[in-house]
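1. Fold the following for me, if possible:
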Amino acid sequence: MVELPALTSDTIWDILHDVLDDDTVNRLVWQGLGYRYSDPENDTEPAWDTTAVAAEWRDAYPEPPNFREPSGHRQAHPLHPART
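-> Have a look, this model is predicted:
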């Protein structure tokens, strides 16, 4: 996996101005939430390590959600339902 940029003021501006690609932005958010991707060297399947993710978030999202989908395609967050 490509190394992520440091989360600095410049990086945040790059996110806000769509300079960074969606995959990089998602990976920065996932890292901040505690998700880590384990890619074992043996024959087992790679998997998400969620031990550092807050329990309520981990229960709702055992795999990290895509935060950069177009707004019309986002699902309501189970911890914060969509406002009507």
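2. What about the spatially most central residue of the chain? Give its phi and psi, please.
-> By CA atoms, centre = their mean, the chain has its centre lying nearest to Trp30, at 2.8 Å. Backbone geometry at Trp30, expressed as degrees, to the nearest 10, gives phi -60, psi -40.
3. quick one: contacts for it?
-> Trp30 makes contacts with Pro64, as judged by CB atoms under 8 Å, 6 or more residues apart in numbering. C-beta coordinates here come from the backbone N, C-alpha and C atoms, glycine included.
4. So what's the predicted local confidence for it?
-> Per-residue confidence at Trp30 stands at 93 (pLDDT).
5. before we move on, what about the one 3 residues further on?
-> Reported pLDDT at Leu33 in the predicted model: 95.
6. now do His73
-> The model reports His73 with a pLDDT of 49.
7. now Phe67
-> 86.
8. wait, is it part of a strand?
-> No. Under DSSP: H, G, I helix; E, B strand; the rest coil, Phe67 sits outside any strand and is assigned coil.
9. Confirm for me that it is in contact with Arg27.
-> No. Contact criterion CB atoms under 8 Å: Phe67 and Arg27 do not qualify, at 10.1 Å.
10. who has more neighbours, these two?
-> Shown here are Phe67 and Arg27; by other CB atoms under 10 Å, Arg27 has more neighbours (19 against 13).
11. Mind pulling the model confidence for that one?
-> With respect to pLDDT, Arg27 has a value of 92.
12. helix, strand or coil for it?
-> Under three-state DSSP, the three-state class of Arg27 is helix.
13. And the residue nearest to Ala52 when sequence neighbours are not counted, how close does it get to Ala55?
-> Leaving aside its sequence neighbours, Ala52 sits nearest to Gly34 (CB to CB, 6 or more residues apart in numbering; 3.4 Å). Taking CB to CB, to the nearest Å as the measure, Gly34 falls 11 Å from Ala55.
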